[in-house]
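A.B. asks: Can you look at this prediction? I've put the sequence above it.
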Amino acid sequence: MSESTADLSSVRTLAELLAWRIARTPQGEAYRQWDPATSHWVGISWQAFGERVEQFRRALSALGVARGARVAILLPNGLDAVSVDQAALAQGCVPVPMHAIDNPASIAYILADSEAELLVADTKEQWQAIAATGAVPATLRNVVLRECDKSPEGTGPAVLSLDVWLARRNGAAAEAVAGPAEEDLATLVYTSGTTGKPKGVMLTHRNVLSNVKGAVERLHPGSDDVFLSFLPLSHTFERTGGYYLPIAAGACVAFARSVSQLPQDMKTVRPTILVSVPRIYERVYAKVQETLATSPLKLRLFELAQAVGWRRFCREQGLPVEAGGSATGDALLWPLLSALVAKPLLAQFGGRIRVAVSGGAALSGPIARCFLGLGLPIVQGYGMTESAPVVAANTPQDNDPATVGRALPGVEVRIGENKELLVRGPNVMRGYWKRPEDTAKAIDADGWLHTGDQAAIEQGRIRILGRVKEIIVTSTGEKIAPVDLEMAIVADPLFEQSYCFGDNRPFIACIVVLGREPWTRLAGELGLDPASAASLLAPAAVQAVLARIRELTKSFPYYAQPRSVALTTEPWTVENGLITPTLKLKRNNLIAHFGPEIARLYHR
């Protein structure tokens, strides 16, 4: 059974939330983590976790970190990361979560902008790379490293290992400190920054808790649920949906070992709730398509199962049902198709998912149709860091995959000028850290947050149309949302990434990153050497790829379909500055990086 929102009504801060949870289910399993020493998953109860947090809190107190001070956390998902976070919250400090894969210069910038007093990081090498930027702020007094045999020498902040830091707790004052207030900052989260420098989003305890309570009411997680945590805890989506929400529900969170080991962890942990971005579903879908490409019989069986399953889903949800089969016929076929196709696919996710949340970006139609048709209960949601983050979400019982669902309880939405979605409610941020002008641009005088996304509200559900500023306007006056095109293209496993453009140009063009294995097969069919850069420029390759892109985008208006394409096999990463840590394209950087290729595509 899930906790009721009435039970949560007395909880005002995230520090109170943990104490409330420990009091209710002290022996319930809170977290589960892989232990490399024993090669086993090891669990910890809520009571034991609370004792661990107290150790970290005393260590924090021993450093003299004051109430309201910023504590930067640069750790992979795991017990240490959540222990530091909870200790900082209990001490009245402000956690500043950072992306572990972000580049050192960006991390140094966030440390300086937030005026962090303490950094808790993973390795000595990680810290040395940050220090080498020469931009470490004077406000940073201490650095704690999880993996550090001895304190690195040099000037700057005091550096000590986690073990040494925790050992100092016995000398710290043990008296309880006054907990944070509802309107105090619960975190300072830096947006990825697709353009310009990242901005620090100020989220209060009230912001985050109102979102948690709304999510409890919408999704009904309970103490029997198991979450699998693999999205970075620096991502607000994971922070609220995969970390604070399970505390409210009393659910267990298992920390995945790594993204590369995710398929194995899914089968071992067998989560009941999955909080993910579309990329994970896209990867599974691509692997399935690669397998099916080798067997026409398996492909036909898969397509039949998907079509029958999709019709069944639409009937259950009251959505329009495509022609092609009767309810009776589909009901007779489904048990066999489920056993042969659906259950083996669902087993890849552990076999007992009851809610698979997809957020952070839009999920493409073909992928949603595939998984929903085969019984994986994917529900899309919508949000942004500035709204703590969830604004709206579907549920398994009320699920229209063409939309992002209905607004959470307590959250208001409306459509403003230029079809922009506006949001108001207790989850909307206090503002941007030290940026009053940017805050005034984002939140108007009536308290409406301007999301920058174009949307429509249809029968209470929100449908996202595109980004206000990302809409391409061609020289012929046509308007196209590039994200929709890009999603349609990457539905094909040949394409790892896609970037569409054409602003003030006569037509749409794109650059695609080819998957290595599918490209090797395609090059072989065309008699080309897949390892040669010249093959990527070969007319046969370009024409074959363009034909596939035209087929993938045939549902778009003719003017929106890409007419020219450039091929590459080098992925766009955070490290090369072409995507954000949340996997969004840095369009300005891509324009600069591919300047010559773009010019060539438009040369006549």
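C.D. replies: All right, it came through fine. In this text the structure is predicted, and so the values were computed from the model without any measurement. Residues are numbered from 1 along each chain as shown.

A.B. asks: Now do residue 273 against residue 27, distance only.
C.D. replies: Distance, residue 273 to residue 27, using C-beta to C-beta, to the nearest Å: 21 Å. C-betas here are computed from N, CA, C, even on glycine.

A.B. asks: swap in residue 132?
C.D. replies: Residue 132 is 47 Å from residue 27, by C-beta to C-beta.

A.B. asks: Kindly report the same for residue 389.
C.D. replies: Residue 389 is 32 Å from residue 27, by C-beta to C-beta.

A.B. asks: Then residue 306?
C.D. replies: 44 Å.

A.B. asks: thinking again about what came up before, which of residue 132 and residue 27 has more neighbours?
C.D. replies: Set residue 132 next to residue 27 and count neighbours by other C-beta atoms under 10 Å: residue 132 wins out with 12 against 9.

A.B. asks: wouldn't that one be in contact with residue 107 here?
C.D. replies: No - contact between residue 132 and residue 107 fails when scored by C-beta atoms under 8 Å: they sit 11.5 Å apart.

A.B. asks: can you pull out the strands in the stretch 1-150 of the chain?
C.D. replies: 29-35, 40-45, 70-74, 94-97, 118-123, 142-147 (DSSP state E, counting those that start in this stretch).

A.B. asks: For residue 466, find the nearest of these.
C.D. replies: Among the strands of the stretch 1-150 of the chain, the nearest to residue 466 by C-beta to C-beta is strand 94-97 (28.7 Å).

A.B. asks: So what touches the closest one?
C.D. replies: 68-73, 84-85, 88-89, 110, 114, 116, 185-190, 200, 232-234, 239 (C-beta atoms under 8 Å, 6 or more residues apart in numbering).

A.B. asks: one more time with 6 Å
C.D. replies: By C-beta atoms under 6 Å, 6 or more residues apart in numbering, the residues outside strand 94-97 that reach it are 70-73, 85, 88, 114, 116, 185, 187-188, 233-234.

A.B. asks: Please produce a markdown table containing those, extended by pLDDT.
C.D. replies: Below are the contacts of strand 94-97 laid out as a markdown table (pLDDT from 0 to 100):
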| residue | pLDDT |
| --- | --- |
| 70 | 98 |
| 71 | 98 |
| 72 | 98 |
| 73 | 98 |
| 85 | 98 |
| 88 | 97 |
| 114 | 98 |
| 116 | 98 |
| 185 | 98 |
| 187 | 98 |
| 188 | 98 |
| 233 | 94 |
| 234 | 91 |
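
A.B. asks: Wait, a strand at residue 299?
C.D. replies: No - secondary structure of residue 299 (DSSP: H, G, I helix; E, B strand; the rest coil): helix, not part of a strand.

A.B. asks: residues contacting the nearest residue to it once chain neighbours are set aside?
C.D. replies: Excluding the flanking residues, the one nearest residue 299 by C-beta to C-beta, 6 or more residues apart in numbering is residue 292, at 4.3 Å. By C-beta under 6 Å, 6+ apart, the residues touching residue 292 are 298-299, 302.

A.B. asks: Just the buried residues out of those residues, in ChimeraX syntax.
C.D. replies: Those of the contacts of residue 292 that count as buried under 16 or more other C-beta atoms under 10 Å are selected in ChimeraX with:
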select :302
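
A.B. asks: I'd like the contacts of residue 292 laid out as JSON lines, including pLDDT and distance to residue 258.
C.D. replies: What follows is the contacts of residue 292, written out as JSON lines (pLDDT from 0 to 100; distance: C-beta to C-beta, whole Å):
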{"residue": "298", "pLDDT": "93", "distance to residue 258": "30"}
{"residue": "299", "pLDDT": "93", "distance to residue 258": "31"}
{"residue": "302", "pLDDT": "96", "distance to residue 258": "29"}
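
A.B. asks: which one of the contacts of residue 292 is nearest residue 596?
C.D. replies: Nearest to residue 596 among those, with distances taken as C-beta to C-beta, is residue 299, at 39.4 Å.

A.B. asks: got the domain boundaries for this protein?
C.D. replies: 13-180, 472-602 (automatic domain parsing).

A.B. asks: could you redo the contacts of residue 292 as JSON lines and give each row distance to residue 123?
C.D. replies: Below are the contacts of residue 292 laid out as JSON lines (distance: C-beta to C-beta, whole Å):
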{"residue": "298", "distance to residue 123": "45"}
{"residue": "299", "distance to residue 123": "46"}
{"residue": "302", "distance to residue 123": "44"}
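
A.B. asks: just the contacts of residue 292 now: which is nearest residue 523?
C.D. replies: residue 299 (22.0 Å).

A.B. asks: Would you mind measuring from that closest one to residue 354?
C.D. replies: 29 Å.

A.B. asks: Where does pLDDT dip in this structure?
C.D. replies: Filtered on pLDDT under 70, the chain yields the residue ranges 1-6, 149-154, 169-176, 192-196, 604.
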